[in-house]
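Peer 1: okay, structure incoming, though there's no sequence with it:
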């Protein structure tokens, strides 16, 4: 019996034709990969495609899906910058991008999609997000929301949101949001009125790290003037695109509550939360206590080197706080960089206090009265901390710690020396800097402190 002849595999059926093109590897820079330039974008088959040219001139340009590219973000950003400058886009074999619109002056981009709000992602309307002429100098955010919705997940007071408005900033990215269909105009008008009446602005997080986001403002009589606009547009909302380091994104969560820092200092004040979103869930409301009494303490190397009996003094304050409130719990968090600094200081200068502090840290870790920062509580890799002051690196770590535990603890404090207190300030509420004496006076028994 003759065996059946195998069917010849065509090029499109070959596995290698369908395999992802990873260029360049994620851990390498764009310049180290084989790609020379990105020259075109298109949106087809519900996917984002880029036309790539290569350093090897014998290789023909290729269309590749964005999801298959790694490490090419800078090239993609450069492409959109060139497009903003008005370069005419090439038309690919599947047609040109639905983003690219021709006008008499330049090619304008606009995003079309769903606007949603609240924890349940209630649909509001289909909207157009468009750059505001003369006030939008970076369209990179449009690329980041391809295939996504605009989900107004959180809200902050407009008075706080206005701190992000800088009309003099030449790099500000200002957009307008309007209804894509006439039937949705009235829905957006109602939402705009509600935001204006409640004096709230919406937050649309663009990535999971909460480091880039849109702030959505109602188009009111005064808001457009804050953006430096000469005339008031007809759009329902304004949106500005912002990027911040991850540690700063926590400033947009609970800390906008008016006078929160002062309220936290009141021993008899309790905070009851019913959700941390823009709108509470429609089905039910779950009450829970936030900002529980107690906190996390960390200390700088200078404090360990200059202060005596640190752990005894801290323990007395913790005892006093527990007497005031039984549920009060405090914990000292040790940074390994601080511990390493103490060891080096002893080796180099034979500093007796550094040796004593190192031994006391080890005892406190063994007893459980202190612990190290956990991996997800450290903001930067160790190699990036070498060029920072200890007080600055501790600020980053404590803000990350705050972002993780803000519901469970009320206070996040860096104990430092007077000369460190105002160095390398990180202007995000939630983390305090106090000297050891200030900490004792604020949280301890004044009678005990006076007797010391």
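Peer 2: It's in. Model, not experiment: these values are computed from the prediction.

Peer 1: low-confidence ranges in the stretch 301-450 of the chain?
Peer 2: Residues of the stretch 301-450 of the chain meeting the criterion pLDDT under 70: 380-387, 426-429, 446-450.

Peer 1: just the helices in it please.
Peer 2: Taking DSSP state H, counting those that start in this stretch, the helices of the stretch 301-450 of the chain run over residues 301-306, 310-324, 336-349, 352-367, 382-385, 390-405, 436-443, 446-451.

Peer 1: out of those helices, which is closest to residue 110?
Peer 2: Smallest distance to residue 110 across the helices of the stretch 301-450 of the chain (Cβ to Cβ): 33.9 Å, for helix 390-405. For every residue, glycine as well, the C-beta is placed using N, CA and C.

Peer 1: nearest to residue 238, out of the helices of the stretch 301-450 of the chain?
Peer 2: helix 390-405 (27.5 Å).

Peer 1: residue boundaries of the strands in the stretch 1-150 of the chain?
Peer 2: Per DSSP state E, counting those that start in this stretch, the stretch 1-150 of the chain carries strands over the ranges 35-44, 47-54, 62-65, 100-101, 108-109, 111-117, 122-136, 150-152.

Peer 1: return the most buried member of these.
Peer 2: strand 150-152 (a mean of 23; mean count of other Cβ atoms under 10 Å).

Peer 1: and that one, how far from the chain's centre?
Peer 2: 16 Å (Cα atoms, centre = their mean, to the nearest Å).

Peer 1: ranking the strands of the stretch 1-150 of the chain by mean pLDDT, which is last?
Peer 2: Looking at the strands of the stretch 1-150 of the chain, the lowest mean pLDDT belongs to strand 100-101 (a mean of 36).

Peer 1: quick revisit: using a markdown table, lay out the strands of the stretch 1-150 of the chain together with distance to residue 201.
Peer 2: Formatted as a markdown table, the strands of the stretch 1-150 of the chain follow (distance: least, Cβ to Cβ, whole Å):
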| stretch | distance to residue 201 |
| --- | --- |
| strand 35-44 | 30 |
| strand 47-54 | 29 |
| strand 62-65 | 35 |
| strand 100-101 | 28 |
| strand 108-109 | 24 |
| strand 111-117 | 13 |
| strand 122-136 | 15 |
| strand 150-152 | 9 |
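
Peer 1: for residue 164, find the nearest of those strands.
Peer 2: When these are ranked by distance to residue 164, counting by Cβ to Cβ, first place goes to strand 122-136 at 14.1 Å.

Peer 1: who touches that closest one?
Peer 2: 108-117, 139, 142, 145, 150, 172-181, 184, 187-188, 191, 227-229, 233, 235, 238-239, 282 (Cβ atoms under 8 Å, 6 or more residues apart in numbering).

Peer 1: 7 Å instead, please
Peer 2: 109-112, 114-117, 139, 150, 172-181, 184, 187-188, 191, 227, 239 (Cβ atoms under 7 Å, 6 or more residues apart in numbering).

Peer 1: now the helices for the stretch 51-200 of the chain?
Peer 2: 73-84, 140-144, 158-161, 185-198.

Peer 1: what sits up against the second one?
Peer 2: What that stands for is helix 140-144. For helix 140-144, contacts defined as Cβ under 7 Å, 6+ apart pick out 76-77, 80, 99, 109, 111, 173, 206, 212, 241.

Peer 1: which one of those residues is nearest residue 442?
Peer 2: Of all the contacts of helix 140-144, residue 442 sits closest to residue 212, with 36.4 Å by Cβ to Cβ.

Peer 1: ramachandran angles for the closest one?
Peer 2: Dihedral pair for residue 212: phi -140, psi 140, per degrees, to the nearest 10.

Peer 1: pretty sure it contacts residue 206?
Peer 2: Yes: between residue 212 and residue 206 there is a contact under Cβ atoms under 7 Å: 4.5 Å.

Peer 1: now the helices of the stretch 51-200 of the chain in JSON lines, with mean neighbour count and mean pLDDT?
Peer 2: Shown next, in JSON lines, are the helices of the stretch 51-200 of the chain (neighbours: other Cβ atoms under 10 Å; pLDDT from 0 to 100):
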{"stretch": "helix 73-84", "mean neighbour count": "17", "mean pLDDT": "72"}
{"stretch": "helix 140-144", "mean neighbour count": "18", "mean pLDDT": "79"}
{"stretch": "helix 158-161", "mean neighbour count": "18", "mean pLDDT": "80"}
{"stretch": "helix 185-198", "mean neighbour count": "15", "mean pLDDT": "82"}
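
Peer 1: residue 440 is nearest to which of those?
Peer 2: Nearest of the helices of the stretch 51-200 of the chain to residue 440, taken as Cβ to Cβ: helix 158-161 at 32.6 Å.

Peer 1: that closest one packs against which elements?
Peer 2: strand 200-205, strand 212-218 (3 or more Cβ pairs under 7 Å, 6 or more residues apart in numbering; DSSP states H and E).

Peer 1: want to throw those into a markdown table with mean pLDDT and mean neighbour count?
Peer 2: Shown next, in a markdown table, are the helices and strands packed on helix 158-161 (pLDDT from 0 to 100; neighbours: other Cβ atoms under 10 Å):
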| stretch | mean pLDDT | mean neighbour count |
| --- | --- | --- |
| strand 200-205 | 89 | 23 |
| strand 212-218 | 91 | 24 |
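
Peer 1: now render those as JSON lines, adding distance to residue 349.
Peer 2: As requested, these are exported to JSON lines (distance: least, Cβ to Cβ, whole Å):
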{"stretch": "strand 200-205", "distance to residue 349": "48"}
{"stretch": "strand 212-218", "distance to residue 349": "45"}
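
Peer 1: who wins for proximity to residue 262 among the ones you listed?
Peer 2: Going by Cβ to Cβ, the one of these nearest residue 262 is strand 200-205, 22.0 Å.

Peer 1: please name the nearest non-neighbouring residue to residue 408.
Peer 2: Spatial nearest neighbour of residue 408, chain neighbours left out: residue 292 (5.7 Å); criterion: Cβ to Cβ, 6 or more residues apart in numbering.
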